[in-house]
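>>> here is my input; please provide its structure:
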Amino acid sequence: MVAVQKHSMQIITGRTHPALAEEVARVLGTAVTPVELKNFANGEIYCKLTESVRGDDVFIFQSHGGSINDAIMEQLAMIDAAKRASAHSITAVCPSLGYARQDRKAGGREPISARLIVDLLSAAGADRIMSVDLHSGQTQGFFNGPFDHIIAMPLLKKYVADSFAGSDLVIVSPDAGRAKSAERYSSALNCGMAIIHKHRSASKQNVAEAKYLIGDVKDKVCVIIDDMIDTAGTICSAADLLAEHGAKEVHGVTTHGIFSDPALVRIEESAFKTVAATNTLPIEATGKTEKVVTLSIAPLIASAIEAVYSGDSLSAIFDGQNQM
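The predicted model follows:
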């Protein structure tokens, strides 16, 4: 008779967004495994796992936000520590994957930084990677192993349906690149769709301007769908353009609320009535506008981890749409 070994699940988190990992652990009926993390005087990161992970399936959380480079290095150190402590498997859980926007060469002599981050996670010892709403699905191909792509669509779709039921609703893509995503929401919610064309500066980062609107938004409730909001310049410009074209109300929905300065000020001063964001990144209470609504992504991440741990299908949770 061959004994079948049952590997325990362990959840470990870095310091960027421990609240999310703790919420996921509660949903799964477990607790976060303690880890000692601190910085030396020169900024180097020290990591020590305080409990044995030998033979266990370890999920190492870190949202790449705040001091993003420190967050990435901290996760790499935790992965390396788990590998050297004989973990059975290591999953790098990156609710928000750093450098995800830099997934291709847009010009000569540029790096593909998203590929570099994936290579670093792999070199550190990650057996698989899990992330939420990648900027581009092609990023999964950068990793020579399982890459679990969680989509926030079930959560965001329910929020939109519950919040704007009975409204003459239009889903708006803030640019041509998000049109396919907006079309999926529009079909699922059985409502109209519009697209905004924007012009992005070739010389300045985070500078874009909404230019033209395709679709009818007059006297309608408009919901702009985007994967992330950073400085909010583009999406606020889009909201103002919709208001100029007679939209009854303008709302925003995003997965990753980065909200770099002056994003919250711009949202407060814009035509937006509300902007909903999931908690893949911590949204600071200081200076937070009342227009921002936070939605918890924890149940979806917990479902994905449970599927991976038990060997069940992840695609079944999202009806296969996470592969698009």
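>>> give me the buried positions along the helix or strand where Pro154 lies.
When secondary structure is defined by DSSP states H and E, Pro154 falls within helix 153-163. Judged by neighbour count using 16 or more other CB atoms under 10 Å, the buried positions of helix 153-163 are Met153, Pro154, Leu155, Leu156, Lys157, Tyr159, Val160, Ser163. Bear in mind the C-beta positions are built from the backbone N, C-alpha and C, glycine included.
>>> contacts for whichever helix or strand comes after that helix, please.
Sequence-wise, the next helix or strand downstream of helix 153-163 (DSSP H and E) is strand 169-173. Identification of contacts with strand 169-173 by CB atoms under 8 Å, 6 or more residues apart in numbering yields 160, 179, 181-183, 185-186, 189, 191-196, 215-217, 220-225, 238, 242, 247.
>>> using PDB, write down the CA coordinates of strand 169-173.
Provided in PDB are the C-alpha atoms of strand 169-173 (Å, rounded to 0.1, in the frame of the first residue of the first chain):
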ATOM      1  CA  LEU A 169     -27.400  51.800 -18.600                       C
ATOM      2  CA  VAL A 170     -24.400  52.200 -20.900                       C
ATOM      3  CA  ILE A 171     -21.100  50.400 -20.300                       C
ATOM      4  CA  VAL A 172     -18.200  52.700 -21.500                       C
ATOM      5  CA  SER A 173     -14.700  51.700 -22.600                       C
END
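>>> list the strands paired with it, with their directions.
Sheet pairing of strand 169-173 (DSSP bridges) gives strand 192-200 (parallel), strand 221-229 (parallel).
>>> just say which of those is most tucked in.
When the strands paired with strand 169-173 are scored by mean count of other CB atoms under 10 Å, the highest mean neighbour count falls to strand 221-229 (a mean of 24).
>>> just how off-centre is that one within its chain?
Centroid separation for strand 221-229 versus its chain: 14 Å, with CA atoms, centre = their mean, to the nearest Å.
>>> quick one: the helices in the stretch 151-300 of the chain?
Remark: helices assigned in the stretch 151-300 of the chain by DSSP state H, counting those that start in this stretch are 153-163, 179-189, 233-244, 263-269, 298-310.
>>> and for the first one, what are the contacting residues?
Spelled out, it's helix 153-163. Residues from elsewhere that reach helix 153-163 (CB under 8 Å, 6+ apart): 169, 171, 184-185, 188-189, 223, 225, 251, 253, 255, 276, 278, 295-297, 299-300, 318, 321.
>>> just the longest one next, same as before
By CB under 8 Å, 6+ apart, the residues outside helix 298-310 that reach it are 9, 11, 20, 23-24, 27-28, 57, 59, 91, 93, 95, 128, 130, 132, 148, 150, 152, 154-155, 279, 312-314, 316-317.
>>> what does the second one give?
Residues lying outside helix 179-189 but in contact with it, judged by CB under 8 Å, 6+ apart, are 153, 156-157, 160-161, 169, 171-173, 192-193, 195, 225, 227, 321, 324.
>>> related to what we said a few turns ago, and the angle for the helix holding Pro154 with strand 169-173?
140 degrees (axes from the mean of the first three to the mean of the last three CA atoms, to 10 degrees).
>>> related to what we said a few turns ago, indicate which one of the helices of the stretch 151-300 of the chain is closest to Val118.
Judged by CB to CB, the one of the helices of the stretch 151-300 of the chain that comes nearest to Val118 is helix 298-310, at 17.7 Å.
>>> so where's the stretch 51-200 of the chain uncertain?
Per-residue confidence for the stretch 51-200 of the chain (pLDDT under 70) gives these ranges: 199-200.
>>> would you list every one of the strands in it?
Residue ranges of the strands in the stretch 51-200 of the chain, as given by DSSP state E, counting those that start in this stretch, are 57-61, 89-94, 128-132, 147-150, 169-173, 192-200.
>>> quick one: the nearest residue to Arg128 once chain neighbours are set aside and Pro95, what's the gap?
Among residues not flanking Arg128 along the chain, Pro146 sits closest, at 4.1 Å (CB to CB, 6 or more residues apart in numbering). Applying CB to CB, to the nearest Å, the value for Pro146 to Pro95 is 17 Å.
>>> the helices of the stretch 151-300 of the chain: which one's closest to Gly66?
helix 263-269 (14.5 Å).
>>> residues touching the closest one, excluding its own?
With CB under 8 Å, 6+ apart, helix 263-269 has contacts from 229-233, 236, 252, 275, 287-289, 291-292.
>>> take these and, keeping just the buried ones, write it as a PyMOL select command.
Here is the PyMOL selection string for the buried members of the contacts of helix 263-269, based on 16+ other CB under 10 Å:
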select buried, resi 229+230+231+232+233+236+252+275+289+291+292
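>>> sorry, back to before: save the strands paired with strand 169-173 as a markdown table, and put in distance to Ala123 too.
Listed next are the strands paired with strand 169-173 as a markdown table, based on distance: least, CB to CB, whole Å:
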| stretch | distance to Ala123 |
| --- | --- |
| strand 192-200 | 33 |
| strand 221-229 | 26 |
